[in-house]
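Engineer: What follows is a predicted protein model with its sequence.
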There are 2 protein chains.
Amino acid sequence: MTVSALAFDVFGTLLDWRSGITEAFRAGGVAGEPGDLADDWRARYRPILAEVNEGSRPWGNFDDLHLATLDDLLDERGIDLSLEERHRLVGAWHRLDPWPDVRAGLDALRGLRVTAALSNGHIALLIDLARHADLRFDCLLSAELARAYKPAAEAYWTAARLLGVAPSELMLVAAHVWDLEGAREAGLRTAFVARPLEYGPDSAPPTDPGADESVGDLLELAGRMAG
Amino acid sequence: MTVSALAFDVFGTLLDWRSGITEAFRAGGVAGEPGDLADDWRARYRPILAEVNEGSRPWGNFDDLHLATLDDLLDERGIDLSLEERHRLVGAWHRLDPWPDVRAGLDALRGLRVTAALSNGHIALLIDLARHADLRFDCLLSAELARAYKPAAEAYWTAARLLGVAPSELMLVAAHVWDLEGAREAGLRTAFVARPLEYGPDSAPPTDPGADESVGDLLELAGRMAG
């Protein structure tokens, strides 16, 4: 089966969230090592998405969920921050820079296939990020449109339905094994992109032996798709 | 209230559907004057959308509805066309050219505001059209996401919700008074764009005295928004 469209995970796969969030903590003078604070905040992401998918928490978009997880982080560390300062930190997720290959890689891939963002972030957030980073997609798709967060199958199926393709014609491009596994369980093809710096220079880079393609960056993927 | 985002109607407002559909009838050698056939097909558009919105017809996307209205048109005229030929004509709605100001006008407006397509056409169709015409939006939105066709208020409200703005912060840009009136009833701001050639050189161009802005093309609108 031919791959007719590519769906891109955004946070971590296209954007270097850790540098931007670390800098936001540093600029705010929040107590603690800024990179640790960024990692701690991000580590609360999958558990809170699971609460939403399981129905133990009502639907919230990424601004809502980032504020809730930030409040938990600050409570646990006994840090007091004004609501204004907390909103500033949540807003930092709207202004993240891409990895160096992303702008050119997306343009090359858009010349070969239909390209869509497929993020757990909501559409308004994705718009801000794409404008900030000057990234061009054919369209922005989000778990918000399925009201189910990845790795729930509905998130991937909704993307395929809106793109007008079968799940098996859609390839998820992502740096995270849990996302790629969710996509495979929903019947999608998968491409793993290595982002060894996502969690900082001392982290252990993952691998995904189950992926159809495994590449070092988007330009390598464009070479494979053109070949 | 500031206008923070612009939503663009697509067929007729950005794209010259009549030239493309006329050419598709001509190329197919369908009996009848090609421009008349195009106008006849297009005239069946609002009635069938109303059937869907009223619940007397199940949800169908634009490919489904264009095939149904084409079948009606051919039946009434006693024209026999193969299913392959009918699919070719339906597919012509995926490859329409923009009016001359549109590419530059959209780029200028995207530098000033968030820009979204907001069409009754489904997302997969909008992707094909934006790729064909090389049009860049911040995102593609569709009545498909609301499961209600414009001028139903839900179509406009869903767009505002996904863009993260109040209806009063969103301005619909369209060439059709019924669409602009629907947007105003939903609380949006409106900009009327004159497209006097939409229905051919002999048609009577409409005006919309109720619009917040009334312009000759998108570059004029960009001048107003920048001022």
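Structural biologist: Received it, and whenever you're ready, just let me know what you need.

Engineer: And for the residue nearest to residue A:196 when sequence neighbours are not counted, the neighbour number?
Structural biologist: Spatial nearest neighbour of residue A:196, chain neighbours left out: residue A:205 (3.9 Å); criterion: Cβ to Cβ, 6 or more residues apart in numbering or on different chains. C-beta here means a position set from N, CA and C on the backbone, and glycine is covered the same way. Applying other Cβ atoms under 10 Å in any protein chain shown, we find 11 residues neighbouring residue A:205.

Engineer: now residue A:113
Structural biologist: The number of residues packed around residue A:113, counting by other Cβ under 10 Å, is 19.

Engineer: For it, which residues are in contact?
Structural biologist: By Cβ atoms under 8 Å, 6 or more residues apart in numbering or on different chains, residue A:113 lies in contact with A:3, A:4, A:5, A:6, A:225.

Engineer: quick one on the thing from earlier: is the residue nearest to residue A:196 in a helix, a strand, or coil?
Structural biologist: Under DSSP: H, G, I helix; E, B strand; the rest coil, residue A:205 falls in the coil class.

Engineer: So for it, what pLDDT did the model give?
Structural biologist: Looking at residue A:205, its pLDDT is 84.

Engineer: from memory it sits against residue A:194, does it?
Structural biologist: Yes. Between residue A:205 and residue A:194 there is a contact under Cβ atoms under 8 Å: 6.0 Å.

Engineer: mind checking the end-to-end distance for stretch A:23-39?
Structural biologist: End-to-end distance for stretch A:23-39, by Cα to Cα, to the nearest Å: 12 Å.

Engineer: Just the residues contacting it, thanks.
Structural biologist: If you take Cβ under 8 Å, 6+ apart as the criterion, stretch A:23-39 is touched by A:17-18, A:21-22, A:73, A:77, A:79, A:81, A:85, A:88-89, A:92, A:199-200.

Engineer: circling back: now the contacts of residue A:113: which count as buried?
Structural biologist: A:3, A:5, A:6, A:225 (16 or more other Cβ atoms under 10 Å in any protein chain shown).

Engineer: so what's the third one up against?
Structural biologist: Looking back up the chat, that one is residue A:6. Residues near residue A:6 by Cβ under 8 Å, 6+ apart: A:109, A:113, A:114, A:115, A:116, A:170, A:171, A:173, A:191, A:225.

Engineer: where does chain A dip in pLDDT?
Structural biologist: Low-confidence segments of chain A (pLDDT under 70): A:1.

Engineer: What are the buried residues along the longest helix anywhere in chain A?
Structural biologist: The single longest helix within chain A, with elements called by DSSP state H, is helix A:62-77. Neighbour counts over helix A:62-77 (16+ other Cβ under 10 Å) mark A:62, A:63, A:64, A:65, A:66, A:67, A:68, A:69, A:70, A:73, A:74 as buried.

Engineer: mind giving me the domain split of chain A?
Structural biologist: A:5-16+A:97-226, A:17-92 (automatic domain parsing).

Engineer: What is the end-to-end distance of the first one?
Structural biologist: Between the start and the finish of domain A:5-16+A:97-226 there is a gap of 13 Å, counting by Cα to Cα.

Engineer: Just name the closest of the buried residues of helix A:62-77 to residue B:122, please.
Structural biologist: Among the buried residues of helix A:62-77, residue A:62 lies closest to residue B:122 (Cβ to Cβ), at 25.7 Å.

Engineer: So for residue A:193, what's the nearest residue that isn't a sequence neighbour?
Structural biologist: The shortest distance from residue A:193 to any non-neighbouring residue, by Cβ to Cβ, 6+ apart, is to residue A:175 (5.1 Å).

Engineer: hmm, back to that, with respect to residue B:142, which of the contacts of residue A:6 is nearest?
Structural biologist: residue A:116 (13.6 Å).
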